[in-house]
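Q: Following is a predicted model, sequence given first.
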Amino acid sequence: MKRLLALAVIVLCSMTANATQLIVDQRPYYARSVAGTVTDAVGYALAGVTVQMVSCEASNGNAGVLKQTVSDAHGAFGFGRFTTGKACLRFSKDGFDVVQITVFRSQDALELALKLPVAT
């Protein structure tokens, strides 16, 4: 059964020295696969968003990248079955803040509707 979840932005913390913000949803998600769409604050689809499945211990950059994809013209992205028990999904695009969520492997498919905040 698919669940549609809206991402609640909860915590802001500095990711790098150049003031890029990493927005972390502290609530864990559970899924065997993840798909969804990425939009801006107004609701327009965002193409070209880099979506990385990373080790949650990776602090920044490409360290710990397990899988990577890019959102299409409709803002859609997807990852097949998880191979790890826990991973973080990191969403990034120039001009927008970086968003990261934690996902634990389970039996359900997860569908996200993510709004990427404009960089401040």
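A: That came through, no problem.
Q: Show the pLDDT at Cys56.
A: At Cys56, the model reports a pLDDT of 80.
Q: do the same with Tyr44
A: 95.
Q: Tell me how far it lies from Leu114.
A: Separation of Tyr44 from Leu114 (C-beta to C-beta, to the nearest Å): 13 Å. (C-beta placed from N, C-alpha, C; glycine too.)
Q: okay, these two: which has more neighbours?
A: Leu114 (23 against 9; other C-beta atoms under 10 Å).
Q: Quick one: classify the more buried one as helix, strand or coil.
A: Classification of Leu114 by DSSP: H, G, I helix; E, B strand; the rest coil places it in strand.
Q: ok, it touching Gly36?
A: Yes. Assessed by C-beta atoms under 8 Å, Leu114 is found in contact with Gly36 at 6.2 Å.
Q: My guess is Asp108 contacts Tyr30. True?
A: Yes. With contact defined as C-beta under 8 Å, Asp108 counts as touching Tyr30 (6.3 Å).
Q: Tell me where the chain has strands.
A: Along the chain, the segments classed as strands by DSSP state E run 2-6, 11-14, 21-39, 50-54, 65-70, 76-79, 86-92, 98-115.
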